[in-house]
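In: Next comes the sequence, and after it the predicted model I'd like to discuss.
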Amino acid sequence: QVQLQESGPGLVKPSQTLSLTCTVSGGSITADYYYWSWVRQPPGKGLEWIGDIAYTGAPNYGPSLNRRTSISRDTSENQFTLQLSSVTPEDTAVYYCARTVSGPGYRYLDVWGKGTRVTVSS
């Protein structure tokens, strides 16, 4: 049974870089055809897909944050990491990592972490 767990600081100051790690257990992040995503939900708003990293190691970023986002992985630790630079209070959100299943004509997130709340404030 695949499980994901987010970790990282709960408070980040404006202009700094937010860094979160997702630790995956019960399955390998290099397993064929799986992608590993980051999603966030600001207070009172809907879910926003930030980006993902493929089983090949190739990252893919959403249009709204791509200039500030970097997603990488550590296969030896079975972890993948989100870095979001130059944060502002608008980046305050609950951040989730999730496994993505992708194939011809379909793509969905099937396993989610519990989420971690990040507040951007001085």
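Out: Arrived safely, thanks for sending. Numbers count the residues shown, from 1 in each chain.

In: contacts and neighbour counts: CA atoms only from here.
Out: Fine.

In: Report the distance from stretch 60-68 to the chain centre.
Out: 12 Å (Cα atoms, centre = their mean, to the nearest Å).

In: pLDDT of it, averaged?
Out: Stretch 60-68 shows a mean pLDDT of 89.

In: Then stretch 114-122?
Out: Across stretch 114-122, pLDDT averages out at 97.

In: what comes into contact with that stretch?
Out: Contacting residues not belonging to stretch 114-122 are listed as 4-14, 87-97 [Cα atoms under 8 Å, 6 or more residues apart in numbering].

In: Now intersect these with the strands, please.
Out: Secondary structure from DSSP state E places L4, Q5, E6, S7, L11, V12, A93, V94, Y95, Y96, C97 of the contacts of stretch 114-122 in strands.

In: Which of the residues you listed are buried? Put it as a PyMOL command.
Out: Burial among those is assessed by 16 or more other Cα atoms under 10 Å; the matching PyMOL selection reads:
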select buried, resi 4+5+6+7+12+93+94+95+96+97
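
In: so the residue sitting nearest the centre point of the chain bridges to which residues?
Out: The centroid of the chain falls nearest to W38 when counting by Cα atoms, centre = their mean (2.2 Å). For W38, the beta-bridge partners are G51, C97 (DSSP bridges).

In: how close does it sit to W49?
Out: To W49, W38 is 6 Å away according to Cα to Cα, to the nearest Å.

In: next one: I71
Out: 13 Å.

In: repeat for C22
Out: Using Cα to Cα, we find C22 at a distance of 15 Å from W49.
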